[in-house]
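# Okay, structure incoming, though there's no sequence with it:
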């Protein structure tokens with residue numbers, strides 16, 4: 001153990017003869033503990049909110065989604081389907097057709113996103129989103145509607161006497177003389193209701209792939225996307241490369257994060273903003289550390305003069321108070337992190353704070369947040385200690 005470190009440790013854990021300095025030091029230490037705990041709790045809270053927000057959209061998002069690079073449709077021939085079935089890394093795939101459509105029921109209209117899916121659409125997804133009724137039978141022209149759509153148009157399930165009408169604009173140019181010339185239409189029955197999040201519930205309707213293709217005058221091999229489930233998420237890059245080769249680089253392939261890039265950007269920006277705000281709070285708290293060290297320097301001037309006469313250099317004396325401030329911030333940061341982790345664990349275990357009577361405030365305990373907080377408090381503490389110890393000079397020591 002070096003002599004400056006030994007003295008720094010003694011100064012840190014021993015009381016000063018001046019009670020005011022002891023109070024300032026305690027306040028500085030408490031500020032570090034509370035500041036680091038608050039920063040960790042806020043980051044954990046935002047991590048929980050991020051996971052909570054993404055879990056709804058990620059329920060229906062595939063691990064990889066293949067969409068055409070140009071145009072709105074993709075031709076998936078029998079040969080391509082055969083190669084997809086035998087491709088390493090792919091557990092299953094679903095053919096998808098998405099397009100805007102108009103629902104008509106009892107003279108009420110609503111524009112929705114109609115999503116046609118084939119029989120390979122994951123049952124795990126269906127079971128997790130379906131809240132009422134049944135999923136449409138393969139080959140039928142039934143639909144499954146979002147909770148918001150059914151409420152806005154006012155239809156239930158299996159109402160055979162009063163079916164829902166789907167209208168899809170026909171491709172082409174020029175004026176039309178009648179409504180039938182402008183739209184393809186089909187009468188359908190709503191067989192179930194799904195619930196994911198407010199945006200999807202109010203806008204999305206599922207139907208069978210063949211129904212959607214008929215409404216758009218598409219061929220059986222013409223779709224708008226392929227949704228792919230992987231055998232191993234680590235094989236994503238390998239599967240992506242094989243798919244690009246299979247489709248002659250004429251497609252765009254997105255993962256879950258890329259499918260929700262706007263949401264990810266918004267959440268990450270908010271997380272960064274909160275981190276910077278609470279880091280500023282820590283900076284203000286560390287001014288107390290600077291003040292505490294400077295007060296300690298002034299209180300120990302006689303001792304420093306003695307150490308200087310015994311052979312310590314000014315640089316070594318500066319190192320004493322640099323180490324003292326660094327140790328204070330590191331120990332305070334560790335205690336603050338321990339307090340923050342404890343509170344997060346208690347929230348996860350006992351739901352201390354509730355958003356609604358049935359929904360606890362979401363938090364997530366992530367090692368990266370521990371590292372971020374510890375690194376932040378350490379860097380700021382080192383800077384504060386460097387500034388405070390820099391006040392020591394030969395003239396100050398000699399004037400004792």
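That came through, no problem. A quick note: this is a predicted structure, and the numbers were derived from the prediction, not measured.

# where are the low-confidence patches of the stretch 51-200 of the chain?
57, 172-181 (pLDDT under 70).

# Give me the helices and strands touching the longest helix along the chain, please.
Ranked by number of residues, the top helix in the chain under DSSP state H is helix 19-60. On a contact count with 3 or more C-beta pairs under 8 Å, 6 or more residues apart in numbering; DSSP states H and E, helix 19-60 meets helix 123-129, helix 198-201, helix 261-299, helix 314-350, helix 367-389. Bear in mind the C-beta positions are built from the backbone N, C-alpha and C, glycine included.

# CSV for those, including mean neighbour count and distance to residue 396?
Below are the helices and strands packed on helix 19-60 laid out as CSV (neighbours: other C-beta atoms under 10 Å; distance: least, C-beta to C-beta, whole Å):
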stretch, mean neighbour count, distance to residue 396
helix 123-129, 14, 69
helix 198-201, 16, 64
helix 261-299, 16, 8
helix 314-350, 19, 9
helix 367-389, 18, 12
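
# And these: which comes nearest residue 22?
helix 261-299 (9.6 Å; C-beta to C-beta).

# what is the rounded mean pLDDT of whichever helix or strand comes after that closest one?
Sequence-wise, the next helix or strand downstream of helix 261-299 (DSSP states H and E) is helix 301-309. If you average the pLDDT over helix 301-309, you get 83.

# Which residue, other than its chain neighbours, is closest to residue 41?
residue 340 (5.0 Å; C-beta to C-beta, 6 or more residues apart in numbering).

# show me the contacts for the one you found.
Residues near residue 340 by C-beta atoms under 8 Å, 6 or more residues apart in numbering: 36, 37, 38, 39, 40, 41, 44, 373.

# Same list (the helices and strands packed on helix 19-60) but as TSV, adding distance to residue 100.
Compiled in TSV, the helices and strands packed on helix 19-60 are given as follows (distance: least, C-beta to C-beta, whole Å):
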stretch	distance to residue 100
helix 123-129	21
helix 198-201	14
helix 261-299	19
helix 314-350	41
helix 367-389	40
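
# And those: which comes nearest residue 69?
Among the helices and strands packed on helix 19-60, helix 261-299 comes nearest to residue 69, with 17.0 Å by C-beta to C-beta.

# Now do that closest one against helix 301-309, angle only.
90 degrees (axes from the mean of the first three to the mean of the last three C-alpha atoms, to 10 degrees).

# Quick one: low-confidence residue ranges for the stretch 251-400 of the chain.
Within the stretch 251-400 of the chain, the ranges that satisfy pLDDT under 70 run 398-400.

# cutoff 50 now
Along the stretch 251-400 of the chain, no part satisfies pLDDT under 50.

# Can you give me the end-to-end span of stretch 238-257?
17 Å (C-alpha to C-alpha, to the nearest Å).

# How far does it sit from its chain's centre?
Between the centre of stretch 238-257 and the centre of its chain there are 24 Å (C-alpha atoms, centre = their mean, to the nearest Å).

# Just the buried residues of it, please?
239, 240, 242, 243, 246, 247, 251, 253, 254, 255, 256 (16 or more other C-beta atoms under 10 Å).

# mind listing the helices for the stretch 51-200 of the chain?
Secondary structure of the stretch 51-200 of the chain by DSSP state H, counting those that start in this stretch: the helices cover 78-85, 123-129, 147-153, 179-182, 198-201.

# Of those helices, which is nearest residue 54?
Of all these, helix 198-201 comes closest under C-beta to C-beta, at 13.2 Å.

# just checking, next helix/strand downstream of the closest one?
strand 204-208.

# Check which helices and strands that next one sits against.
Taking 3+ C-beta pairs under 8 Å, 6+ apart as the contact cut, strand 204-208 packs with strand 108-117, strand 143-146.

# Name the residues of the shortest one that come out as buried.
Along strand 143-146, these residues count as buried under the neighbour rule (16+ other C-beta under 10 Å): 143, 144, 145, 146.

# Tell me the residue in the chain that is farthest from the middle.
residue 309 (58.5 Å; C-alpha atoms, centre = their mean).

# before we move on, back to that, of the contacts of residue 340, just say which sits nearest to residue 262.
Using C-beta to C-beta, the contacts of residue 340 come closest to residue 262 at residue 44, 23.8 Å.

# so what's that closest one up against?
340, 344, 363, 364, 365, 366, 369.

# of the residues you listed, closest to residue 234?
For the contacts of residue 44, with residue 234 as the reference and C-beta to C-beta as the criterion, the closest is residue 366, at 20.2 Å.

# Please work out how many residues are found near that closest one.
Using other C-beta atoms under 10 Å, residue 366 is surrounded by 15 other residues.

# Report the contact partners of it.
44, 47.

# cool, residue 125 as well?
59, 60.

# and this protein, what are its domains?
Listed domain ranges for the chain are 3-57+263-383, 62-257 (source: automatic domain parsing).

# Return the distance of the longest one from the chain's centre.
Just to be clear, that refers to domain 62-257. 26 Å.

# Likewise for the shortest one?
Distance of domain 3-57+263-383 from its chain centroid, counting by C-alpha atoms, centre = their mean, is 25 Å.

# so which of the helices and strands packed on helix 19-60 gets nearest residue 115?
Closest among those, using C-beta to C-beta: helix 198-201, at 9.9 Å.
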